[in-house]
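Novice: here is my input; please provide its structure:
(chains A and B)
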Amino acid sequence: MAKLTIDGKEIEVPDGSSLFDACRDARGEDLPHFCYHPDLSIAGVCRLCQVEVEGMPKLTIACNTGVRDGMVVHTRNERVTKASTQILEMHLINHPVDCPICDQAGECGLQNQYMSHGLYDTKVEMDDKVHKGKAQVIGPHVILDQERCVLCTRCVRFCTEVTGTGELGIFNRGDQARIGTAPGVELDNNYSMNTVDICPVGALTSRDFRFQKRVWMLKAADSICPGCATGCNVRIDHEAGRIYRLKPRYNPEVNGRWMCDKGRMTYKAVHDETRLGDPSVDGRTETWAGVTGTLANLVGAGGFGLVVGSPHQSLEELHLLKALAKDAPLSGGLAGSDHGDADDLLLDADRTPNRRGLEMLGVAQHDGPALADLIKRSSGPVLILGGDPAADPQVAAALGEKDSVIYIGTHGDETAGLAKVVIPGAMWAEKAGIFVNRNGRLQEFKQAVARHGNAREDWRILAELMTACERPDVPGSLKAVRSDLAGAVAVDVDLNKLPVRGFLPGGEAR
Amino acid sequence: MSFEGLPKGSCDKKRSFRDSIYLWEVLRGLGVTAKHLVWNILHTDQMPTMQYPEEKRVYGDRFRGRHRLMQRQDGSPVCVACQMCSTYCPADCITIVGAEHPDPKIEKYPISFEIDLLRCVYCGLCEEACPCDAIRLDTGIYEIAADSREKFIVDKEFLLDNHTDGTL
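Specialist: Take a look at the predicted model:
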């Protein structure tokens, strides 16, 4: 351990840690900075985090300085604040100050630093500024504005160190230096939009989010990406019932500070045109009261002939589905469904968020022929909860022969076309629940937006079906479902109060 | 209702005959009215009533009337859809949808710009917030009438056209 004095405050930090982190601990806030990023190498190019270390003749940058026992550091004296203001002024010399049309405005490092460390009057006329490329499309997801760039090289380091693809680089020198891609090269890797997140200014912005909303109007909800089994922690940015973007949420146990571009686009399915908004019976739109009556006639106390779940549903829903099935055969849906290419960073080949949840509850999955066989042999109504199993032609053929298929789904897919009763369920952003990721970590997602049309939360639909089947102990709230679930899966945690970083049964690293 | 707190004797004063039939007081009141009527007929130029709409009050130059959107030289809006005005608007009456402009020097422009004149409180904060001087309330128009609520939601073309009559 090293003992330091920072701004007159004594602080003890582990040997070998950076002075930048020590200063943050002592000050309670970051030093001004652009180029420093905890997950990337030290570049030391922005020169903003300069501090005065007693015994050193000149100011030194904190990010590239290691701590030493007995160090006396000043971060707020006149010499340091004057230096950071001047450095910031230099960064802003050629900045176009087009905040009104910049998507970064509101969450911009340059705006924040200026308000806290700048507040000087500009000495440069607009016409004297060096002009560079505006609105350059450099990849399928990212658009570049070279004028706004402060050359912190975070994006360059990200593409070299994290993805290893190295598309971006700095071209030219001096005030002509600019970020760009080599001719014929596109910023087209599956993690390209992380460069938008780490860009401290508005140089790299998202093409998907471009001009959609000003960021200060957005509200945030904590969620889990449903795109694959990794279960990256995300923040849903939404406003007035519409989701505008997904941003990664820091979780060192799962995704760190990153998430993939495929995951960022998963929100589009929530506002898809094929979303089911109303219950329907034999293709006719029905009210909830009407469909409840139909279900009571169809199901009754005899229960179901077969119940099919899916790895797209939350742990609570699958638990409730298991209780609803009782003695009827239960399947976890198609075994090989929803797979794609994996990479060694975050994206998993399994594109479902909760296949481990099915395993945890002991619900077996079946391949196409086996599931088709189960459907053919079933006597009584077949209940399908999500997952679109009719995407498999054999299952579709078997379902086509059944006349009492009940489907709780979200989109007008193959299964919805074959089912007698179609019930609109909520998508992941419209409800709360728990997903179990590929490592067995239980992670909670929360509701962000209102449900589409007349869709209902799936646990409510299942509870209603339990009432139709005249089952005892119909749960009245999601909390009750979770309490019941905790007994079934025997995890040593209160499922209603899961930790922010999730819970890994058996082995918690910290 | 209770009269307990009233001073003693204020109610039980004996009225005279003239007071108790009220007629004398009614006629006296009519006399006051008739006096004003005759005086006003003889001195119409000194009457405080303004003959609106033939005669209109003169307002100062800083009067905030109906909004207008400023134009560039080619007639397109100066507005860059930064939504500062809709952010600051206390009545939440401005709705802007931004879009990509073909000219990369302009980059962003409003594809739709709507103001709900019924919600607007004419506070002028949108003018103050605008970084481009794209919206002004300087038309001086305060006679705003329409026969349906929908017509009070005015669009970009209307605001750019800067109408001077009171019709919507």
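
Novice: doesn't A:Glu317 make contact with A:Leu485?
Specialist: No - assessed by CB atoms under 8 Å, A:Leu485 is found out of contact with A:Glu317, at 10.0 Å. Where C-beta positions appear, they are placed from N, C-alpha and C, glycine not excepted.

Novice: neighbour count: those two, which is higher?
Specialist: Applying other CB atoms under 10 Å in any protein chain shown to A:Leu485 and A:Glu317 shows that A:Glu317 carries more neighbours, namely 29 against 25.

Novice: helices and strands of the chain: which one bottoms out on pLDDT?
Specialist: Looking at chain A here, since you left the chain open. One helix or strand of chain A scores below all others by mean pLDDT, DSSP states H and E: helix A:288-298, with a mean of 88.

Novice: think we crossed wires, I meant chain B
Specialist: Least confident helix or strand, chain B: helix B:17-21 with a mean of 85, by mean pLDDT, DSSP H and E.

Novice: name the residues of the helix or strand following that helix that are buried.
Specialist: Later in the chain than helix B:17-21, the nearest helix or strand by DSSP states H and E is helix B:23-42. Buried residues in helix B:23-42, defined by neighbour count with 16 or more other CB atoms under 10 Å in any protein chain shown: none.

Novice: so what touches helix B:23-42?
Specialist: Outside of helix B:23-42, the residues within contact range by CB atoms under 8 Å, 6 or more residues apart in numbering or on different chains are B:Arg18, B:Asp19, B:Met47.

Novice: same question for stretch A:120-128.
Specialist: Outside stretch A:120-128, the residues that touch it by CB under 8 Å, 6+ apart are A:Thr85, A:Glu89, A:Leu92, A:Ile93, A:Asn94.

Novice: for chain A, give me the ranges with low pLDDT.
Specialist: By pLDDT under 70, the weakly predicted segments of chain A are A:507-510.

Novice: how about the residues of it by chain B?
Specialist: Counting by CB under 8 Å from any CB of the partner chain, chain A comes close to chain B at A:98-101, A:105, A:134-135, A:210-212, A:214, A:216-217.

Novice: how about JSON lines for the residues you listed, with neighbour count added?
Specialist: What follows is the residues of chain A next to chain B, written out as JSON lines (neighbours: other CB atoms under 10 Å in any protein chain shown):
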{"residue": "A:Asp98", "neighbour count": "18"}
{"residue": "A:Cys99", "neighbour count": "18"}
{"residue": "A:Pro100", "neighbour count": "19"}
{"residue": "A:Ile101", "neighbour count": "22"}
{"residue": "A:Ala105", "neighbour count": "19"}
{"residue": "A:Lys134", "neighbour count": "16"}
{"residue": "A:Ala135", "neighbour count": "18"}
{"residue": "A:Arg210", "neighbour count": "15"}
{"residue": "A:Phe211", "neighbour count": "20"}
{"residue": "A:Gln212", "neighbour count": "17"}
{"residue": "A:Arg214", "neighbour count": "21"}
{"residue": "A:Trp216", "neighbour count": "10"}
{"residue": "A:Met217", "neighbour count": "14"}
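
Novice: make CSV out of those and add secondary structure.
Specialist: Formatted as CSV, the residues of chain A next to chain B follow (DSSP: H, G, I helix; E, B strand; the rest coil):
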residue, secondary structure
A:Asp98, coil
A:Cys99, helix
A:Pro100, helix
A:Ile101, helix
A:Ala105, coil
A:Lys134, coil
A:Ala135, coil
A:Arg210, coil
A:Phe211, coil
A:Gln212, coil
A:Arg214, coil
A:Trp216, helix
A:Met217, helix
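
Novice: what ranges do the helices span in chain B?
Specialist: Secondary structure of chain B (DSSP state H): helices located at B:17-21, B:23-42, B:84-88, B:125-129, B:156-161.

Novice: adding distance to A:Trp288 as columns, could you present those in TSV?
Specialist: Output for the helices of chain B, formatted as TSV (distance: least, CB to CB, whole Å):
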stretch	distance to A:Trp288
helix B:17-21	72
helix B:23-42	67
helix B:84-88	37
helix B:125-129	43
helix B:156-161	41
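
Novice: dump the least confident helix or strand of chain A to PDB, restricted to CA.
Specialist: Only the C-alpha atoms of helix A:288-298 are listed here, as PDB (Å, rounded to 0.1, in the frame of the first residue of the first chain):
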ATOM      1  CA  TRP A 288     -60.100 -10.100 -23.100                       C
ATOM      2  CA  ALA A 289     -63.500 -10.900 -21.600                       C
ATOM      3  CA  GLY A 290     -64.400 -12.800 -24.700                       C
ATOM      4  CA  VAL A 291     -61.200 -14.800 -24.900                       C
ATOM      5  CA  THR A 292     -61.300 -15.700 -21.200                       C
ATOM      6  CA  GLY A 293     -64.700 -17.300 -21.900                       C
ATOM      7  CA  THR A 294     -63.400 -19.200 -24.900                       C
ATOM      8  CA  LEU A 295     -60.400 -20.400 -22.800                       C
ATOM      9  CA  ALA A 296     -62.700 -21.600 -20.000                       C
ATOM     10  CA  ASN A 297     -64.700 -23.600 -22.500                       C
ATOM     11  CA  LEU A 298     -61.600 -24.900 -24.300                       C
END
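
Novice: how far does the helix or strand following it sit from its chain's centre?
Specialist: Counting by DSSP H and E, the next helix or strand C-terminal to helix A:288-298 is strand A:306-308. Chain-centre distance of strand A:306-308: 31 Å, with CA atoms, centre = their mean, to the nearest Å.

Novice: which residues sit against the next helix or strand after strand A:306-308?
Specialist: Next helix or strand after strand A:306-308 toward the C-terminus (DSSP H and E): helix A:315-325. The contact list for helix A:315-325 (CB under 8 Å, 6+ apart) reads A:303-304, A:307, A:309, A:313, A:330, A:332, A:354, A:357-358, A:360-361, A:363, A:383, A:385, A:433-436, A:442, A:458-459, A:462-463, A:465-466, A:469, A:471, A:475, A:478, A:481-482, A:484-485, A:488-489.

Novice: what sits against residue 105?
Specialist: Defaulting to chain A. By CB under 8 Å, 6+ apart, the residues touching A:Ala105 are A:Cys99, A:Gln111, A:Gly202, A:Arg214, A:Val215, B:Cys82.

Novice: sorry, I should have been clearer: chain B.
Specialist: Neighbour list for B:Lys105: A:Lys134 [criterion: CB under 8 Å, 6+ apart].

Novice: ok, for the closest residue to chain A within chain B, nearest residue in space, not its chain neighbours?
Specialist: Residue nearest to chain A within chain B: B:Cys82 (3.4 Å; CB to the nearest CB). What sits nearest to B:Cys82 in space, not counting adjacent residues and going by CB to CB, 6 or more residues apart in numbering or on different chains, is A:Pro100, at 3.4 Å.

Novice: ok, now B:Gly98?
Specialist: Of all residues not flanking B:Gly98 in the chain, B:Ala81 sits nearest, at 3.4 Å (CB to CB, 6+ apart).

Novice: phi, psi for the one you found please.
Specialist: With angles defined as degrees, to the nearest 10, B:Ala81 sits at phi 60, psi 40.

Novice: list the buried residues for the biggest strand by length in chain B?
Specialist: Secondary structure of chain B read by DSSP state E shows that its longest strand is strand B:108-116. The neighbour-count check on strand B:108-116 (16+ other CB under 10 Å) flags B:Lys108, B:Tyr109, B:Pro110, B:Phe113, B:Glu114, B:Ile115, B:Asp116 as buried.
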